[in-house]
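> need a structure here:
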Amino acid sequence: MAQTEIGLGKNARRAYELDDIGIVPARRTRDPEEVSLTWQIDAYRFDMPLVASPMDSVASPQSVIAIGQHGGLGVLDLEGLWTRYEDPEPLLAEIAEMDDAAATKRLQEIYTAPIQEELIGRRIEEIRQSGIVTAARLSPQHTARYHQAVIDAGVDIFVIRGTTVSAEHVSGQAEPLNLKQFIYDLDVPVVVGGCATYSAALHLMRTGAAGVLVGFGGGSGHTTRSVLGVSVPMASAIGDVAAARRDYLDESGGRYVHVIADGGMSLSGDMAKALACGSDAVMVGSPLARASEAPGRGYHWGSEAHHYELPRGERVDVGTVGSLDAILHGPASTSDGSMNLMGALRRTMATSGYTDLKEFQRVEVVVNPHR
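Below is the predicted model:
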């Protein structure tokens with residue numbers, strides 16, 4: 001693979017963001033009505049390849065239920081406000097009214113409240129009673145402590161999500177989570193990430209995960225690039241992890257692990273390009289935080305924004321553009337790609353001649369010459 005010389009002692013390979021690429025239309029087009037957006041992971045089938053990020057600005061029990069009823073998969077953060085407070089609504093209102101200068105410090109204070117194990121079960125049960133597929137997230141640091149409460153409550157899909165998750169975490173401070181043993185012992189499918197390289201993804205796939213998250217999460221509210229200097233352009237990351245999926249499929253004798261692009265997709269075109277690069281589904285936050293029903297009230301933040309020692313995110317004003325139904329399925333009242341996300345994806349696939357998501361992964365893409 002071609003390398004670019006950074007200096008005499010350092011080379012790097014060229015990588016691409018989603019903005020750097022474009023989808024090539026085909027000689028044969030389709031009617032958008034003929035396009036299927038259905039996606040299935042393990043035994044669970046969805047009407048669209050969209051997963052809502054486990055962020056308090058996006059996912060409350062009620063909004064997770066609403067996303068499920070619209071055909072997607074909502075994921076509740078079990079380390080967020082809904083498991084720390086009996087009624088977090090007054091705090092959500094306060095967060096929406098904060099001055100920018102005071103937001104990080106106040107978020108840190110709010111999230112110092114301990115996680116209540118009893119609330120974990122109650123929130124999951126509330127979502128389960130609606131009849132939708134129930135998914136919930138823990139970080140790798142809290143999975144060992146709280147996973148049994150999650151399983152006992154009847155979660156359908158378990159998400160282990162951190163900024164960067166490896167199958168081989170080395171620690172001299174505590175016994176690390178053995179992902180392979182942990183996933184083997186569970187009776188529910190596990191989605192794990194984020195990761196951004198071929199080798200890291202291959203290791204996570206070998207743990208038995210049903211899906212792997214690509215990216216560092218957080219998207220528009222993430223400051224990992226400026227705080228840690230860590231970043232991998234999303235288009236290249238998806239392509240690398242998709243290659244790991246292909247090679248693991250051969251290695252395992254036919255076991256398919258789903259690739260879910262996580263973060264950095266604010267508009268419908270971003271999502272289409274993530275799928276074109278090889279992802280099976282997308283995990284998004286800010287597009288759904290713009291819904292009038294979103295718990296963030298027009299603001300968006302992730303768990304990195306309130307880290308007690310080194311915050312790597314911030315509260316972002318994303319505004320409110322319309323209802324959840326209009327954002328997902330239209331009609332759109334804006335022309336910027338922030339509404340009718342699934343209608344736009346359906347039209348992209350139709351324009352490039354594909355009728356299902358697996359075929360669409362083979363679509364031709366180009367690098368924009370001005371990049």
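
> all contacts plus neighbour counts: C-alpha atoms, from now on.
Will do.

> neighbours around Glu309, how many?
Neighbourhood size, Glu309 [other C-alpha atoms under 10 Å]: 7.

> how much space between it and Thr104?
Per C-alpha to C-alpha, to the nearest Å, Glu309 is found 11 Å from Thr104.

> One more: Arg84?
In this view, Arg84 and Thr104 are 18 Å apart by C-alpha to C-alpha.

> What ranges does the stretch 51-200 of the chain have for its strands?
73-77, 135-138, 157-161, 190-195 (DSSP state E, counting those that start in this stretch).

> hey, least reliable of the ones you listed by pLDDT?
Within the strands of the stretch 51-200 of the chain, the stretch with the lowest mean pLDDT is strand 190-195, showing a mean of 92.

> export the strands of the stretch 51-200 of the chain to CSV and tack on mean neighbour count?
Below are the strands of the stretch 51-200 of the chain laid out as CSV (neighbours: other C-alpha atoms under 10 Å):
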stretch, mean neighbour count
strand 73-77, 29
strand 135-138, 25
strand 157-161, 25
strand 190-195, 28
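
> Could you dump those into TSV and include distance to Ile260?
Converted to TSV, the strands of the stretch 51-200 of the chain look like this (distance: least, C-alpha to C-alpha, whole Å):
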stretch	distance to Ile260
strand 73-77	12
strand 135-138	15
strand 157-161	12
strand 190-195	9
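
> who's in contact with the residue nearest to Tyr146 when sequence neighbours are not counted?
Nearest non-adjacent residue to Tyr146, counting by C-alpha to C-alpha, 6 or more residues apart in numbering: Glu117, 7.2 Å away. By C-alpha atoms under 8 Å, 6 or more residues apart in numbering, Glu117 lies in contact with 83, 146, 149.

> Nearest to Asp77 among the residues you listed?
Thr83 (8.3 Å; C-alpha to C-alpha).

> tell me the contacts of that closest one?
By C-alpha under 8 Å, 6+ apart, Thr83 lies in contact with 115-117, 119-120, 123.

> Mark which of those are part of helices, please.
Judged by DSSP state H, the contacts of Thr83 include 117, 119-120, 123 as members of helices.

> Bridged to Ile23, which residues?
Following DSSP bridges, Ile23 is listed with bridge partners Val365.

> any idea which residue sits dead centre in this protein?
The centroid of the chain falls nearest to Met283 when counting by C-alpha atoms, centre = their mean (2.9 Å).

> quick one: strands adjacent to the host helix or strand of it?
Element membership for Met283 (DSSP states H and E) is strand 281-284. Strand pairing for strand 281-284, determined by DSSP bridges: strand 50-52 (parallel), strand 258-262 (parallel).

> can you tell me the average pLDDT over it?
What strand 281-284 shows for mean pLDDT is 97.

> for that strand, the distance to its chain's centre please.
Here strand 281-284 is found 5 Å from its chain centre; the criterion is C-alpha atoms, centre = their mean, to the nearest Å.

> what helices or strands is the helix or strand following that strand leaning on?
If you walk from strand 281-284 toward the C-terminus, the next helix or strand you reach (DSSP H and E) is helix 286-289. Applying 3 or more C-alpha pairs under 8 Å, 6 or more residues apart in numbering; DSSP states H and E, we find helix 286-289 packed against strand 299-300, helix 324-329.

> hmm, who's touching the last one?
Helix 324-329 is touched from outside by 67, 70, 287-288, 291-293, 321, 332, 338-343, with contacts defined as C-alpha under 8 Å, 6+ apart.

> Among those, which one sits closest to Gln129?
Proximity of the contacts of helix 324-329 to Gln129, judged by C-alpha to C-alpha, is greatest for Ile67, which lies at 14.6 Å.

> distance of the closest residue to the closest one other than its chain neighbours from Tyr256?
Nearest residue to Ile67 in three dimensions, chain neighbours excluded: Gly74, at 5.7 Å (C-alpha to C-alpha, 6+ apart). Separation of Gly74 from Tyr256 (C-alpha to C-alpha): 22 Å.

> Specify the next element, helix or strand, located C-terminal of the helix-or-strand element of the chain with minimal mean pLDDT.
Within the chain, no helix or strand scores below helix 224-228, which has a mean of 65 by mean pLDDT, DSSP states H and E. Toward the C-terminus, helix 224-228 is succeeded by helix 234-251 as the next helix or strand (DSSP H and E).
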